[in-house]
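Participant: Model the structure of this input:
(chains A and B)
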Amino acid sequence: MRWFSFIIIVLIATLLETGNLLNLLVVGGWIIRPGILITLLVYYALTCRSHEAISCSFLIGLAADLSAGLLGPHMLCYGLMGVLLNSVSHTLTMRRATHKAMFVFLAFLITEIGAYWLSILKTHESRPNIYSVLFFTGLYSAIISPLVWSVLSSLSGWSKTKHPKTQRIYH
Amino acid sequence: MAGRHFHLSNGSLFFTWLIAGVVLLLLPKDKTSKVWDVFRKTFDPVLKIGRNINDEYPPMPLNPDEAVTGEQYKELWKDYNNLKATLRELHNDYDKLASIRSQIPHPYGGLVIAQVIGTLSSYRHDVVINKGSSDGIKTGQYVLSAKKNSVVGVVLESSDRYAKVRVLTDSKQSIEIRIVNEAKERDIPGLMFGNGKSACKIKMIEWEKKVEVGDVVFAAAKPGYLNVPVVIGEVADVVRDDKHPLLWDITVQPAEDMTRLDDVAVIVIEDF
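Facilitator: Next up, the predicted model:
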């Protein structure tokens, strides 16, 4: 794992999630925009070695926290989800775009709902229509995830020094 | 041994990160938000690239009690536009008062609340209300919706105890209107007709006059019937008239659903 390259990729994804650029893709009255970091989480959790996947997942979670403006909730949920995905990566084949999209969608829903509950614990602030917003954001993120995935795959030679230990191809 | 590579087991690494996450979660928000502030300030120029939607979409209220339903929004929208129209009229009257010392007219005269008790036929947009000339209702008076905040029709004829109201969407109903866009300081007078369905049409507006979708359409003030403009709806479509290319063919969507009128209020100006 080339950590410097990984940090650059995560930073770019965080800036995309936080900034105005993705507002060009906004749909609906609920301001639904796709998430990039969740695809990064699924990708790195499934393709990295366990040792790297743990750190990658928590770091991507920290980036999601920076993007959301509240430190802690995403870091924990992304970290746990990353470890969980990594532990089942040996039994998964993710050749089809629909499989990747489905995993991103489920991962997004579980992590974001968990992060929302943790954020309520921290701030005592609830949001209206949050579950509908999360559902459609997850759907949108899943739809664009094969594209993000292919970009990450093409950058994998730049960001990784070794192939995953299972030698599986996740393209 | 000093240069020996430091290595944590997977379990230790996981719990180290987990503890770090829990600590960040437990830290007070005002402490952790400083990190976020530094991040925002550092990358501010990059974050600003793209489309700023904060102006287009106001932030969602955090408290559900502060949010309103679509129906409530519609009512508030009508009230807001009526209040603005009333305010404009009051401003005009105030200006006149300064010079001629006339009286400020009331926004409405008297209001007679009535119930819609039936429709006359399925193809005409006429309804019957349970108040008539004995309550002061006369032909030509304006009829407002149940919330008394948008014009829905005009009294066609009245008997002692009943009156017939023709709603604005009826193809035989015409009404003087004003198309207002306050932001662009436009106020265009015109005549509106029903299209026989659920909308209305404005046809005799020259194409040089700028009309846009979203402009608010008011019933024009009419001495003895309506002292101030009252909202009808908004412009839903603006296209060139096929038969008269120098004119606009404007479609107006009434603020009220004319097929669901239940209670209405008739404006009765007694001192006319």
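Participant: The helix or strand of chain B with the lowest mean pLDDT packs against which elements?
Facilitator: With mean pLDDT, DSSP states H and E as the measure, the helix or strand of chain B carrying the lowest mean pLDDT is helix B:70-100 (a mean of 77). The helices and strands touching helix B:70-100, judged by 3 or more C-beta pairs under 8 Å, 6 or more residues apart in numbering or on different chains; DSSP states H and E, are strand B:216-219, strand B:230-240. Quick note: C-beta positions are derived from backbone N, CA and C, even for glycine.
Participant: The stretch 1-150 of chain B: helices as residue ranges?
Facilitator: B:10-26, B:29-42, B:44-47, B:70-100 (DSSP state H, counting those that start in this stretch).
Participant: no wait, chain A
Facilitator: Using DSSP state H, the helices found in chain A span residues A:3-18, A:37-47, A:50-68, A:73-88, A:97-123, A:130-154, A:156-159.
Participant: any idea which of the helices of the stretch 1-150 of chain B is most buried?
Facilitator: When the helices of the stretch 1-150 of chain B are scored by mean count of other C-beta atoms under 10 Å in any protein chain shown, the highest mean neighbour count falls to helix B:10-26 (a mean of 16).
Participant: Taking helix A:97-123 as reference, get the angle to that helix.
Facilitator: Computed with axes from the mean of the first three to the mean of the last three C-alpha atoms, to 10 degrees, the direction of helix B:10-26 lies at 50 degrees from that of helix A:97-123.
Participant: Could you confirm whether stretch A:47-66 reaches chain B?
Facilitator: Yes: using C-beta under 8 Å from any C-beta of the partner chain, stretch A:47-66 reaches chain B at A:S50, A:H51, A:I54, A:S55, A:F58, A:G61, A:L62, A:D65, A:L66.
Participant: Restricting to C-alpha, output that stretch in PDB.
Facilitator: Output of stretch A:47-66 as PDB, limited to C-alpha atoms (Å, rounded to 0.1, in the frame of the first residue of the first chain):
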ATOM      1  CA  THR A  47      -9.300  -5.400  -2.200                       C
ATOM      2  CA  CYS A  48      -6.700  -4.600   0.600                       C
ATOM      3  CA  ARG A  49      -5.000  -7.000   3.100                       C
ATOM      4  CA  SER A  50      -6.700  -7.000   6.500                       C
ATOM      5  CA  HIS A  51      -4.000  -4.900   8.100                       C
ATOM      6  CA  GLU A  52      -4.300  -2.200   5.500                       C
ATOM      7  CA  ALA A  53      -8.100  -2.400   5.200                       C
ATOM      8  CA  ILE A  54      -8.600  -1.600   9.000                       C
ATOM      9  CA  SER A  55      -6.600   1.600   8.700                       C
ATOM     10  CA  CYS A  56      -8.100   2.500   5.300                       C
ATOM     11  CA  SER A  57     -11.700   2.100   6.600                       C
ATOM     12  CA  PHE A  58     -11.200   4.200   9.700                       C
ATOM     13  CA  LEU A  59      -9.300   6.900   7.700                       C
ATOM     14  CA  ILE A  60     -12.100   7.000   5.100                       C
ATOM     15  CA  GLY A  61     -14.600   7.300   8.000                       C
ATOM     16  CA  LEU A  62     -12.600  10.200   9.400                       C
ATOM     17  CA  ALA A  63     -12.700  11.900   5.900                       C
ATOM     18  CA  ALA A  64     -16.500  11.300   5.900                       C
ATOM     19  CA  ASP A  65     -16.700  13.000   9.300                       C
ATOM     20  CA  LEU A  66     -14.700  16.000   8.000                       C
END
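Participant: Next, the buried residues of that stretch.
Facilitator: Neighbour counts over stretch A:47-66 (16 or more other C-beta atoms under 10 Å in any protein chain shown) mark A:47-49, A:51-66 as buried.
Participant: try stretch A:136-145
Facilitator: For stretch A:136-145, by 16+ other C-beta under 10 Å, it's A:F136, A:T137, A:G138, A:L139, A:Y140, A:S141, A:A142, A:I144, A:S145.
Participant: My guess is the fifth one contacts A:I32. True?
Facilitator: Yes: in terms of C-beta atoms under 8 Å, A:Y140 counts as a neighbour of A:I32; the distance is 5.5 Å.
Participant: I'd like to check what contacts stretch B:237-248. Which residues are they?
Facilitator: Contacts to stretch B:237-248, defined as C-beta atoms under 8 Å, 6 or more residues apart in numbering or on different chains, come from residues B:202-207, B:209, B:211-213, B:249-251.
Participant: pLDDT on stretch A:70-78, on average?
Facilitator: Averaging pLDDT along stretch A:70-78 gives 92.
Participant: got it, and stretch A:28-42?
Facilitator: The average pLDDT within stretch A:28-42 is 86.
Participant: Find the nearest non-adjacent residue to the residue most central in space within chain A, please.
Facilitator: Nearest to the mean C-alpha position of chain A, by C-alpha atoms, centre = their mean, lies A:I38 at 1.4 Å. Nearest residue to A:I38, sequence neighbours excluded (C-beta to C-beta, 6 or more residues apart in numbering or on different chains): A:F108, at 4.5 Å.
Participant: Now for the one you found: which residues touch it?
Facilitator: With C-beta under 8 Å, 6+ apart, A:F108 has these contacts: A:G35, A:I38, A:L134, A:T137, A:G138, A:S141, A:A142.
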